[in-house]
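Visitor: Everything below, folded, please.
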Amino acid sequence: MNKKVLFIPLIAFLLLAAVFAFQLSRNQQGDDPTKLESVLIGKPVPQFRLEDLAEPGKLYDQAVFQGEPLLLNVWATWCPTCYAEHTYLNELAASGVKIIGLNYKDDRNKAIGWLNELGNPYLISLFDGNGMLGLDLGVYGAPETFLIDANGVIRYRHVGDVNATNWQQTLQPLYQQMQQEATQ
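Guide: Below is the predicted model of the structure:
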């Protein structure tokens with residue numbers, strides 16, 4: 001057997017170890033490993049036609065994202081983190097933040113019950129039972145929140161729950177900037 005062949009697994013291991021070391025060093029230099037870039041930043045919300053969560057047969061399309069800045073919150077009843085963020089979303093809505101909900105790959109009746117029990121922060125609740133709009137948005141899971149400007153353009157994607165810390169540090173300044181742009 002050729003002795004060079006014996007070194008192939010060692011070389012493959014060393015290459016893999018180098019890749020892992022590089023990724024670890026990037027994360028230690030302040031990169032956020034939970035930040036998932038979206039190819040849709042700066043682009044309009046994808047075209048869709050979805051039913052209202054509570055009113056089957058009532059259809060919405062991407063025009064719901066025109067006119068004023070808002071948040072698109074992707075949520076589901078099977079998502080424990082969505083449950084954790086729901087109280088804060090209710091607080092944001094009560095303070096005047098405009099939020100549209102996208103109920104993602106969920107049971108419609110459970111979702112309606114959830115909103116009836118925990119409060120409904122959403123101006124509109126879209127039902128994405130098969131997850132196709134979520135797929136078009138590049139959603140990995142719930143919760144995810146998109147900031148959408150008055151022209152229906154996606155400006156930012158937040159993966160994970162919306163809470164007081166990330167709202168004040170990241171999302172609120174972007175939301176306020178979009179509001180100022182909408183009035184100019």
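
Visitor: going forward, measure contacts between C-alpha atoms and count neighbours the same way
Guide: OK.

Visitor: mind listing what D128 touches?
Guide: Going by C-alpha atoms under 8 Å, 6 or more residues apart in numbering, D128 touches L50, E51, L102, N103, Y104, K105, D106, G134.

Visitor: How much space separates the nearest residue to the second one once chain neighbours are set aside from D52?
Guide: Beyond its immediate neighbours in the sequence, the residue positioned closest to E51 (C-alpha to C-alpha, 6 or more residues apart in numbering) is L59, lying 4.4 Å away. With the distance defined as C-alpha to C-alpha, to the nearest Å, L59 ends up 6 Å from D52.

Visitor: So for the two, which sits in the more crowded spot?
Guide: Set side by side, L59 and D52 show more neighbours around D52, with 19 against 14, by other C-alpha atoms under 10 Å.

Visitor: Was I right to think that one contacts V64?
Guide: No: in this structure, D52 is not within contact of V64 by C-alpha atoms under 8 Å, at 11.6 Å.

Visitor: Of the contacts of D128, which is the nearest to L115?
Guide: If you rank those by distance to L115 using C-alpha to C-alpha, N103 comes first, at 10.8 Å.

Visitor: List the beta-bridge partners for that closest one.
Guide: W75, F127 (DSSP bridges).

Visitor: what number of residues lie near it?
Guide: Other residues close to N103 by other C-alpha under 10 Å number 26.

Visitor: Same check on the one 10 residues further on?
Guide: Other residues within reach of G113 by the criterion other C-alpha under 10 Å amount to 13.

Visitor: sec struct for it, please.
Guide: Under DSSP: H, G, I helix; E, B strand; the rest coil, the three-state class of G113 is helix.

Visitor: Perfect, that will be all.
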